[in-house]
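1. When you get a sec, could you give me coordinates for this:
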Amino acid sequence: MASKICILSYHYIHNNGAFLFAYGLAKLLKEEFPGSDVKIIDYKSIRLDTYEYLKRFKLLPSIPLFYYKRARLWDSILERHLDLDPDFPHHTNQTQLLNYIYDHYHAIVVGMDVWCIVHSIERPSFPNIYWLPSESTIPKIALGVSAYNSDLALIQRYSRQITGCLNGFDVIGARDRFTYGMVTKHRKREDGLVERIPDPTFLFEFVDTSVVEKLTSLGVDFNRPLVGLMLFGDDELSKRICANYRAKGYQILALSMYNRFADLNLGHLLTPFEWAKTLRYLSFCFTDRFHGTLFCLKSGIPFISLEKDKHLPIAQSKVYDLLVDFNLTQCYTNSGKSGFNPSKMLQLANELEKDWESDIKPRVELTILLMKERYREFIHKMKVQLGW
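-> Model prediction:
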């Protein structure tokens, strides 16, 4: 059994889902492998880290230092709640990083959207460290890994290199159908464990917080129904949603990114643990985030998921893929597609809110239980595969 396990992910992004993914995965590995030393490698892609750093200087009219304050909050949360490897430098070249990992650990786990192959300032170019391209004597494991939104032309161009990288992995748990299809098509190695598995964040257990008292002090009125917004870059739609719910007496909370039409912006004030707990008190939520959708499901609240990438084929949507598993594709919409009608979307939201408790919520709760069981079964297979 491995005694030192490291995790390589996008743990440092100022994103609730990215943090809770890393936190939840580390906690899961500690539970499944008692006595093991599980650490998160505090590696930061220079390109992605620079992008995240520059965002904090974006000034906003009503809350000028919103993103700066959010970044400061994130820095403190990372230091306090993630078991980061204290000896590893943030930035280094790929060869030095892999040599360090192979010299100091008995297994390495990569996870989240780290296999997305695109030309973008937000993602490192392929082949990057998250593909673990060099040979090693320790097991290579991918858990909840995703390649969603990859450029199909780039996948074709790099197919030989992709095959070489995938052949090096002993265990692959793909988070979505697109990634699983890519893996099974390009991986030629016949042994090992390859399956499609749920996101490990489904196993996250809510942490006790005093979030109700905090929210009350920030102006949240629990005597009114609450609507959550996790939308970015679509002002007209946000304005339409807010006007609709404000007319019905709802209070509107922006829970992640800044939204100038919300009654309260809380994304720079809530820790990821508080964010997750806050969702439980919403009457409805609109989100364009994968983990926003996931935590709406975990919290048992009605929601609509709007596709963030307007031109993304539905077959590559990680949000749609997730909702297929819950038989809730009616909760998905892409506001960039022709024929999108905001009025019909708001009418659907009313219907979902009305039918949620009696009809939909029990089915969601059962599906989550089955997902947790499926994940535990996969971990058991992984133990057998690796002889742990």
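2. can you tell me which residues contact the nearest residue to residue 166 once chain neighbours are set aside?
-> Closest residue in space to residue 166, ignoring its immediate chain neighbours: residue 187 at 3.9 Å, by CB to CB, 6 or more residues apart in numbering. The C-beta positions use only the backbone N, C-alpha and C, and glycine is treated the same way. The contact partners of residue 187, by CB atoms under 8 Å, 6 or more residues apart in numbering, come to 163, 166, 167, 169, 172, 194.
3. So what does the last one look like in phi/psi?
-> Taking degrees, to the nearest 10, you get phi -130, psi 120 for the backbone angles of residue 194.
4. mind starting the numbering at 39 from now?
-> Okay, using 39 as the starting number, the last item reads as residue 232.
5. My guess is residue 42 contacts residue 75. True?
-> Yes - using CB atoms under 8 Å, residue 42 is in contact with residue 75, at 4.9 Å.
6. follow-up on the earlier one: quick one: the residue nearest to residue 204 and residue 426, what's the gap?
-> Residue 225 sits 22 Å away from residue 426, going by CB to CB, to the nearest Å.
7. Can you get me a residue count around residue 392?
-> For residue 392, the neighbour count with other CB atoms under 10 Å is 11.
8. For the helix or strand it falls within, list every residue counted as buried.
-> Per DSSP states H and E, residue 392 falls inside helix 380-393. For helix 380-393, the neighbour count (16 or more other CB atoms under 10 Å) marks 383, 384, 387, 390, 391 as buried.
9. Next, give phi and psi for the closest residue in space to residue 272 that isn't next to it in sequence.
-> Leaving out its chain neighbours, the residue that sits closest to residue 272 by CB to CB, 6+ apart is residue 373, at 6.3 Å. The phi/psi pair for residue 373 (degrees, to the nearest 10) reads phi -70, psi -10.
10. Look at residue 373 and report its pLDDT.
-> Looking at residue 373, its pLDDT reads 89.
11. ok, residue 354 - contacts?
-> 186, 187, 188, 216.
12. Am I right that the third one is in a strand?
-> Yep, that's residue 188 we're talking about. No - judged by DSSP: H, G, I helix; E, B strand; the rest coil, residue 188 forms no part of a strand; its state is coil.
13. State the distance from it to residue 421.
-> 30 Å.
14. just the second one next, same as before
-> As defined by CB to CB, residue 187 lies at a distance of 32 Å from residue 421.
15. Please identify which of these two sits among more neighbours.
-> Higher neighbour count among residue 187 and residue 421: residue 187, with 19 against 14, using other CB under 10 Å.
16. Helices of the protein, start to end?
-> Assigned by DSSP state H, the helices in the chain fall at 54-70, 84-93, 104-119, 132-142, 190-195, 197-205, 215-224, 249-255, 273-285, 310-316, 328-337, 356-363, 380-393, 399-424.
17. what's the closest of those to residue 349?
-> Nearest of the helices of the chain to residue 349, taken as CB to CB: helix 190-195 at 12.9 Å.
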